[in-house]
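Novice: starting from these lines, generate the structure:
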Amino acid sequence: MSDALAEIKAHYDHIAEVFPKFDLPAFRACFHLPCQLTTPDAVIAITDDDTFEQVFGGMMATLRDQGLTRSEVERMHVRLLGDTTALASILWVRHAGEAVLERLGATYTLVRRDGEWLVAALIAHSPDEVIPLD
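Specialist: You can find the predicted model right below:
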């Protein structure tokens with residue numbers, strides 16, 4: 001595995017660790033601002049920390065209420081697009097205790113800045129639509 005692929009995998013391992021702890025500052029550190037979130041219902045430009053907190057803090061509050069205890073990457077496909085950009089398509093599984101809370105697909109644009117991979121765009125989609133980028 002190349003260094004870049006290992007770094008990207010570690011990035012998503014970190015996201016899987018901090019998101020279900022509802023650690024918004026640690027989760028925010030995984031993103032480049034501005035960034036974009038695309039869902040089936042909306043396209044949201046996240047240009048500052050306040051907007052990030054509204055969007056993802058609200059998402060975390062909903063998942064906390066639903067009992068989220070952990071998130072895991074079930075499948076990940078990555079395509080490097082040079083030294084500083086990449087695409088990652090991931091099948092996430094969210095758990096509430098031992099029960100599966102939800103399965104979801106997300107495809108990301110990543111940029112490498114100051115030695116770190118950061119999410120610049122996220123498209124949320126069906127788990128059936130995870131893109132085989134390998």
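Novice: residues touching Trp117, list them.
Specialist: In this structure, Trp117 makes contact with 4, 7-8, 11, 86, 110-111, judged by C-beta atoms under 8 Å, 6 or more residues apart in numbering. C-beta: built from backbone N, CA, C; applies to glycine.
Novice: cutoff 7 Å now
Specialist: Listed by C-beta atoms under 7 Å, 6 or more residues apart in numbering, the contact set of Trp117 reads 7-8, 11, 110.
Novice: turn the residues you listed into CSV, including neighbour count, pLDDT and distance to Ser71.
Specialist: Below are those laid out as CSV (neighbours: other C-beta atoms under 10 Å; pLDDT from 0 to 100; distance: C-beta to C-beta, whole Å):
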residue, neighbour count, pLDDT, distance to Ser71
Glu7, 16, 97, 19
Ile8, 22, 98, 16
His11, 19, 98, 14
Leu110, 28, 98, 18
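Novice: okay, and which of those map to strands?
Specialist: Within these, membership in strands is found for Leu110, as judged by DSSP state E.
Novice: so can I have a markdown table of the contacts of Trp117 showing distance to Ile44?
Specialist: Putting the contacts of Trp117 into a markdown table (distance: C-beta to C-beta, whole Å) gives the following:
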| residue | distance to Ile44 |
| --- | --- |
| Glu7 | 27 |
| Ile8 | 23 |
| His11 | 21 |
| Leu110 | 18 |
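Novice: from the contacts of Trp117, pick the one nearest Asp48.
Specialist: In terms of C-beta to C-beta, no member of the contacts of Trp117 lies closer to Asp48 than Leu110, at 20.2 Å.
Novice: returning to that earlier point: with the contacts of Trp117 in mind, which one is nearest to His32?
Specialist: Leu110 (8.5 Å).
Novice: so the closest one sits against Thr84, correct?
Specialist: No. Leu110 is beyond contact range of Thr84, at 9.0 Å (criterion: C-beta atoms under 7 Å).
Novice: OK, contacts around Tyr12?
Specialist: Under the criterion of C-beta under 7 Å, 6+ apart, the contact list for Tyr12 reads 73, 76, 90.
Novice: what's the pLDDT at the second one?
Specialist: Taken from the predicted model, the pLDDT recorded for Met76 is 97.
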